[in-house]
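Undergrad: Make a model of this:
(one chain, ligands or ions: 1)
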Amino acid sequence: MEKVILKKFNKLIIYYFSGTGNARNVAYWIENIAINNNIEAQIIDISKLKSRKSLKIHETALIGFCSPTHGFNFPPIMFHFLLRFPKSKLVGTAVAENKVFIINTRAGLKAGKYFLPGLGGMAQYFSALILLLKGCKIVGIHPIDLPSNWISFHPGVKPNVVDSIYKKRKRETERFASKVINGGKDLRGLKTILIDVLISPIAFLYYIIGRFILAKSFYASKDCTNCNICIQKCPIHAIKTIDNRPFWTYKCESCMQCMNICPERAIEAAHGYLFAIYYLITSVLIVKIYKLLNISEYLNNIFPSWLNNVFSFIIDTSLLLFLFFVFYRIFHYLLRYRLFERIIVFTSLTKFKFWRRYKSPKY
Ligand SMILES: Cc1cc2nc3c(=O)[nH]c(=O)nc-3n(C[C@H](O)[C@H](O)[C@H](O)COP(=O)(O)O)c2cc1C
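TA: Numbers count the residues shown, from 1 in each chain. Modelled structure (predicted):
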């Protein structure tokens with residue numbers, strides 16, 4: 001059967017997820033290019049989609065997926081969205097396959113006059129693979145390096161740097177958009193495949209550590225006024241109120257929206273607490289549990305040494321995650337006591353004035 005190649009699309013649909021606005025801005029820049037090319041465009045925030053039923057693959061539409069990179073991968077919300085995305089109905093028909101593009105926004109930085117890129121890891125490859133298996137044709141894979149929003153990890157980027165990164169990346173996005181919207185291909189994201197594959201094991205580790213340990217370091221200090229903005233705006237609905245203060249559940253994907261929009265700057269990341277608890281669990285509690293239950297001896301008697309190591313790793317990790325879970329509840333409870341709250345605040349780097357928050361500019 002001969003395939004009809006679509007030169008231009010009659011519609012552009014972009015599905016995006018964004019914590020602090022970078023990926024959202026990219027989606028709207030591309031929308032503008034579509035409108036300038038007289039193409040109807042629809043931009044959809046996947047965190048606001050009510051049900052999967054509303055998802056449709058339009059046969060003559062160009063479809064884009066745009067999301068930040070979290071721990072060298074797409075955040076779970078985008079990853080799960082891609083897995084649930086309907087299969088292309090065009091496979092084996094006279095019309096060319098559904099054409100899609102993938103954009104991951106990464107942590108762009110600037111040193112002097114040099115723009116530094118972020119690291120995408122598996123973000124684009126996993127998503128490309130899922131979409132290929134669904135019968136789509138990938139016409140664009142492109143990372144866009146916008147200011148890093150990982151402010152539980154480092155202070156927010158200075159406003160003048162944000163501005164210059166934004167100007168540069170907007171032009172880059174527009175060039176990419178013009179190309180794919182007019183029927184071209186841009187797979188520039190594949191250029192870094194070697195380094196991306198090398199760092200991919202960290203993507204797997206981050207999936208566990210990020211969600212079950214790092215995301216469990218958020219808390220609201222005494223400056224919290226219970227305005228509930230963090231709870232209402234959380235795109236994942238991961239924050240709830242427990243003991244009259246915000247509590248971060250395991251759904252939290254560390255998108256950083258809450259920490260950056262809090263009008264009182266009351267949301268912090270408890271660095272001191274994380275280090276202390278990690279030390280307590282790994283150097284004291286797990287050692288004691290092993291001794292008490294004779295775990296090493298038990299494993300030695302049953303398994304060969306290599307399997308023994310695998311089991312020890314599984315037991316250690318499970319204990320670590322379980323104990324972190326228990327301690328986070330205790331931590332949250334103890335925050336009601338002023339002395340404890342003050343100690344936690346003074347050991348949180350995010351409390352210092354130089355630790356800027358990050359909000360993407362409206363471009
Ligand atoms: C928890 C977390 C993990 C991140 N991991 C990465 C990463 O692995 N590589 C990278 O280049 N940027 C990483 N970043 C930076 C963001 O991907 C980047 O700032 C992105 O542009 C934010 O987009 P948003 O404003 O739409 O949320 C991370 C940010 C957060 C909050």
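
Undergrad: Show me what from the protein comes close to the ligand.
TA: 18-23, 68-72, 105-107, 118-119, 121, 146, 148-150, 210, 254-256, 360 (CB under 6 Å from any ligand atom). No exception for glycine: its C-beta is placed from N, CA and C like everyone else's.

Undergrad: OK, contacts around the residue in the stretch 151-300 of the chain that the ligand sits nearest to?
TA: Residue nearest to the ligand within the stretch 151-300 of the chain (CB to the nearest ligand atom): Ser254, separated by 3.9 Å. The contact partners of Ser254, by CB atoms under 8 Å, 6 or more residues apart in numbering, come to His70, Ser152, Gly210, Arg211, Leu214, Ala215.

Undergrad: how does it look with 7 Å?
TA: His70, Ser152, Gly210, Leu214, Ala215 (CB atoms under 7 Å, 6 or more residues apart in numbering).

Undergrad: Then Ile102?
TA: Contacts of Ile102 by CB under 7 Å, 6+ apart are Phe65, Gln124, Ser127, Ala128, Ile138, Gly140, Ile141.

Undergrad: change it to 10 Å
TA: By CB atoms under 10 Å, 6 or more residues apart in numbering, the contact set of Ile102 is 63-67, 74, 78, 82, 123-128, 130-131, 138-143, 187, 189.

Undergrad: so of the residues you listed, which ones are in strands?
TA: Among the contacts of Ile102, the residues falling in strands (DSSP state E) are Ile63, Gly64, Phe65, Cys66, Ser67, Ile138, Val139, Gly140, Ile141, His142, Pro143.

Undergrad: Please tell me I have it right and the last one contacts Arg106.
TA: Yes - the pair formed by Pro143 and Arg106 meets the contact definition of CB atoms under 10 Å, at 5.1 Å.

Undergrad: who has more neighbours, the two?
TA: Pro143 (24 against 21; other CB atoms under 10 Å).

Undergrad: Quick check: the gap between the residue of the stretch 101-250 of the chain found nearest the ligand and Thr69.
TA: As assessed by CB to the nearest ligand atom, the ligand sits closest to Gly118 within the stretch 101-250 of the chain, at 2.2 Å. As judged by CB to CB, to the nearest Å, Gly118 and Thr69 stand 6 Å apart.

Undergrad: Give the residues shared as contacts by those two.
TA: Asn104, Thr105, Arg106, Ala107, Pro143, Asp145, Trp150.

Undergrad: Quick check: Ile14 vs Asp186, distance?
TA: From Ile14 across to Asp186, the span is 15 Å (CB to CB).

Undergrad: out of those two, which sits in the busier spot?
TA: Ile14 (25 against 16).

Undergrad: So what sits opposite that one in the bridge?
TA: Ile43, Gly64 (DSSP bridges).

Undergrad: List the contacts of it.
TA: Contacts of Ile14 (CB under 10 Å, 6+ apart): 23-24, 26-28, 30-31, 34, 41-45, 62-66, 101, 103, 177.

Undergrad: what do you get if the cut-off is 7 Å, keeping everything else the same?
TA: Contacts of Ile14 (CB under 7 Å, 6+ apart): Ala27, Ile30, Glu31, Ile43, Ile44, Gly64, Cys66.

Undergrad: so what are the domain limits for this protein?
TA: Dividing the chain into domains by automatic domain parsing, as the record does, gives the ranges 11-198, 271-346.

Undergrad: if you compare those, which one is most tucked away?
TA: Greatest average neighbour count among the domains of the chain goes to domain 11-198 (a mean of 19), per mean count of other CB atoms under 10 Å.

Undergrad: Nearest spatial neighbour of the residue of the stretch 101-250 of the chain closest to the ligand, chain-adjacent residues omitted?
TA: Arg106 (2.8 Å; CB to CB, 6 or more residues apart in numbering).

Undergrad: is the one you found in a bridge, and if so with what?
TA: Counting by DSSP bridges, the residues bridging with Arg106 are Asp145.

Undergrad: Would you confirm that it contacts Asp145?
TA: Yes - using CB atoms under 7 Å, Arg106 is in contact with Asp145, at 5.1 Å.

Undergrad: hey, what's in contact with both of these two?
TA: Joint contacts of Arg106 and Asp145 (CB under 7 Å, 6+ apart) are Pro117, Gly118.

Undergrad: picking that back up, what separates the residue nearest to Gly118 from Ile165, distance-wise?
TA: 11 Å.

Undergrad: What segments of the protein are helices?
TA: Under the criterion DSSP state H, helices of the chain are mapped to 22-36, 76-84, 123-133, 159-181, 193-198, 200-212, 229-233, 257-261, 271-279, 286-292, 295-302, 305-334, 338-346.

Undergrad: Only alpha carbons, please: show the first one as CSV.
TA: C-alpha atoms of helix 22-36 as CSV (Å, rounded to 0.1, in the frame of the first residue of the first chain):
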residue,chain,number,x,y,z
ASN,A,22,9.9,25.9,31.8
ALA,A,23,8.2,23.0,29.9
ARG,A,24,4.9,25.0,29.8
ASN,A,25,6.7,28.0,28.2
VAL,A,26,8.3,25.7,25.6
ALA,A,27,4.9,24.3,24.7
TYR,A,28,3.5,27.8,24.2
TRP,A,29,6.4,29.0,22.1
ILE,A,30,5.8,26.1,19.8
GLU,A,31,2.1,26.9,19.7
ASN,A,32,3.0,30.4,18.5
ILE,A,33,5.0,29.1,15.7
ALA,A,34,2.1,26.8,14.7
ILE,A,35,-0.3,29.8,14.7
ASN,A,36,2.1,31.8,12.6
